[in-house]
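# Fold the stuff below for me.
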Amino acid sequence: MDKKKRQKLKIKKHYTKPDGKKIRTAFRQKELRKRIWFTLSILLITFIGTWIPIPGIDKTYMAQFFKDANGTLDMLNRFTGGSFERMSILALSITPYITASIIMQLLTIAIPKLEELQKDGEDGRKKIATYTRVAAVGLALLESLAMSVGFGQQGLLKHYGTASVILATLTMTAGSALLIWLGERITDKGIGNGISMILAFNIASRIPGDIKALFEQFVFSKKLAPGILSAAIIFAIIGAMIWFTAMLNNAEHRIPIQHSGKTTGRALSLKQSNLPIKVNTAGVVPVIFASSLMQTPVVIAQFLNKGQTGVAAKILAGFSQSNWLVPTRIFDSWGLILYILLTYAFAYFYTAITFNPMEVADNLRKSGASIPGFRPGKPTAEYLQNILNTLIFYGATGLIILQLVPILCSGVLGANVSFGGTSLIILVSVVMETIQQIESWGAKTAYKGFLKNF
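Predicted structure coming up:
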């Protein structure tokens, strides 16, 4: 068989539709209903917390700060459910935990002891989770202190001084630590992954406001026929993005695997299976990394009250996403090119440290499995690496497409939307994971009912 033909990718979407019968069966379980109500009550607490301001702050300062930021901090505001813009007690939300988790993943590759812990089963993972929590609280303390000092000097704190800085710092740190604790309670006593549920809830809470703003701008301000057409286009774009996100999130390439079987007479029977590799191997991490890196110079400049005029202002304009693809500021779109390159770079980098083809090839060899047409060991690892490189490119391209839609709408049409690639992938992933857990309760109920017949 020709080698090129043998290496041709056949990427397929493997998506299982929700089983309505299992879901209905699951909701008959009292334990599941209690878990769902517990989860909803925790999410309600987090929503209330996003509206409680830090004592002693000037709300008008943050309103002006976000106005001057010109959309630069939209991603951070989405992840915090708007609490950062309101400077509430949950202003940092779970962003320190997200950062700490990514750092721990990177350190697991760099530090052998952490790598051993990760491979040490449940006990090792619990220790890494403890280190992640400690690192998250430490990051929250540093971030809240920097914000209290930097923003406080510029007018955030009404009575700037040591006492007000300490109070604001401890309040934001405690708020972030509380959310991490509440997230873990959801994981233990609720439904779904707690941290992911809180993050998805924060993102979802911003979408109704964005849709309302879109309708006020493109639907309600027009006559009946053009308004209906505009509404149809808005829903079509949103629906297409959700569909594409689901496809990207579920698409995978399945590599055929042969396992050595039993010898029957003179013939050796071989068992067939597949090695699935997701197309979007790095998830939303490349987008988060690239966005954070692009936002950092602008945030620092605004934090230090610098770069308002001159050459620095022109350079910083290219880092601001709100200036990309704007017809009157087309030269500032050089930042979009840099953003795309960073997304590809981080996709390859993150996948390289989380997926080791040589290790996978070695595990296949030890288990007596092989890929047809490739010898165990290095040839198999090289084949996996070639497949992986192509999948990373496809996945990163998909992420960029999802990001370009809101950027294009914002730049050309002036529409401010928050449901871009990062937000949608997180929402779709969390919803699908939650549905699968609910279905598992339905399957468990059916299994128990089956056992009662014996």
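
# Thought residue 64 was touching residue 154, still the case?
No - Residue 154 lies out of contact with residue 64 (C-beta atoms under 8 Å); the separation is 9.9 Å. C-beta: built from backbone N, CA, C; applies to glycine.

# Mind checking which of these two has more residues around it?
Higher neighbour count among residue 154 and residue 64: residue 154, with 16 against 13, using other C-beta atoms under 10 Å.

# Can you give me the distance of the more buried one to residue 147?
Going from residue 154 to residue 147 by C-beta to C-beta, to the nearest Å gives 11 Å.

# for residue 116, same thing?
From residue 116 to residue 147 the distance is 37 Å (C-beta to C-beta).

# and the longest helix seen in the chain, what other elements does it pack with?
Taking DSSP state H as the criterion, the chain has its longest helix at helix 378-413. The contact analysis (3 or more C-beta pairs under 8 Å, 6 or more residues apart in numbering; DSSP states H and E) places helix 378-413 against helix 224-250, strand 251-264, strand 267-278, helix 285-303, helix 334-354, helix 357-366, helix 421-451.

# Report the buried residues of that helix.
380-381, 383-385, 387-388, 390-392, 394-400, 402-407, 409-411 (16 or more other C-beta atoms under 10 Å).

# Quick check: chain neighbours aside, which residue is closest to residue 118?
The shortest distance from residue 118 to any non-neighbouring residue, by C-beta to C-beta, 6 or more residues apart in numbering, is to residue 108 (5.3 Å).

# how about the one you found, what does it touch?
Residues counted as contacts of residue 108 (C-beta atoms under 8 Å, 6 or more residues apart in numbering) are 114-115, 117-118, 128.

# now those: which count as buried?
114, 117-118, 128.

# Tell me how many other residues crowd residue 43.
Neighbourhood size, residue 43 [other C-beta under 10 Å]: 21.

# Please report how far it lies from residue 206.
Using C-beta to C-beta, we find residue 43 at a distance of 14 Å from residue 206.

# Kindly report the same for residue 319.
23 Å.

# When the two are compared, which one has more neighbours?
Higher neighbour count among residue 319 and residue 206: residue 319, with 23 against 20, using other C-beta under 10 Å.

# Spit out the contact partners of the more buried one.
Residues counted as contacts of residue 319 (C-beta under 8 Å, 6+ apart) are 72, 294-295, 297-298, 335.

# how about those in CSV, adding distance to residue 222 and neighbour count?
Below are those laid out as CSV (distance: C-beta to C-beta, whole Å; neighbours: other C-beta atoms under 10 Å):
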residue, distance to residue 222, neighbour count
72, 30, 23
294, 34, 21
295, 34, 19
297, 39, 17
298, 34, 22
335, 32, 19
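
# Could you dump those residues into JSON lines and include distance to residue 250?
Formatted as JSON lines, those follow (distance: C-beta to C-beta, whole Å):
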{"residue": "72", "distance to residue 250": "32"}
{"residue": "294", "distance to residue 250": "28"}
{"residue": "295", "distance to residue 250": "29"}
{"residue": "297", "distance to residue 250": "36"}
{"residue": "298", "distance to residue 250": "35"}
{"residue": "335", "distance to residue 250": "31"}
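
# Out of those residues, flag the one nearest to residue 359.
residue 294 (32.8 Å; C-beta to C-beta).

# List the contacts of the closest one.
So residue 294 contacts 319, 321, 335, 338-339, 342 (C-beta under 8 Å, 6+ apart).

# I'd like the distance between it and residue 280.
20 Å.

# What of residue 390?
Residue 390 is 13 Å from residue 280, by C-beta to C-beta.

# Now do the helix or strand hosting residue 186: which elements does it pack against?
Assigned by DSSP states H and E, residue 186 falls within helix 162-189. Using 3+ C-beta pairs under 8 Å, 6+ apart, the elements in contact with helix 162-189 are helix 30-49, helix 95-110, helix 121-154, helix 194-218.

# one step back: make JSON lines out of the contacts of residue 319 and add pLDDT.
JSON lines is the format used below for those (pLDDT from 0 to 100):
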{"residue": "72", "pLDDT": "64"}
{"residue": "294", "pLDDT": "82"}
{"residue": "295", "pLDDT": "77"}
{"residue": "297", "pLDDT": "81"}
{"residue": "298", "pLDDT": "74"}
{"residue": "335", "pLDDT": "88"}
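
# circling back: if you count what's nearby, which of residue 116 and residue 147 comes out ahead?
residue 147 (21 against 11).

# Pretty sure residue 171 is one of the things that one touches, is it not?
No - using C-beta under 8 Å, residue 147 makes no contact with residue 171, being 11.0 Å away.

# out of the contacts of residue 108, what pair is the most spread apart?
Between any two of the contacts of residue 108, the greatest separation by C-beta to C-beta is 10.1 Å, found for 115 and 128.

# Please report how far the residue nearest to residue 172 when sequence neighbours are not counted lies from residue 77.
Of all residues not flanking residue 172 in the chain, residue 144 sits nearest, at 3.6 Å (C-beta to C-beta, 6+ apart). Residue 144 is 16 Å from residue 77, where distance means C-beta to C-beta.

# who's in contact with stretch 93-103?
In contact with stretch 93-103 (C-beta under 8 Å, 6+ apart) are residues 76, 79-81, 83-84, 132-133, 135-140, 143, 176, 179-180, 183, 195, 198-199, 202, 285, 288-289.

# at 6 Å what do you get?
Residues from elsewhere that reach stretch 93-103 (C-beta atoms under 6 Å, 6 or more residues apart in numbering): 79-80, 83, 132, 135-136, 139-140, 176, 179-180, 195, 198.
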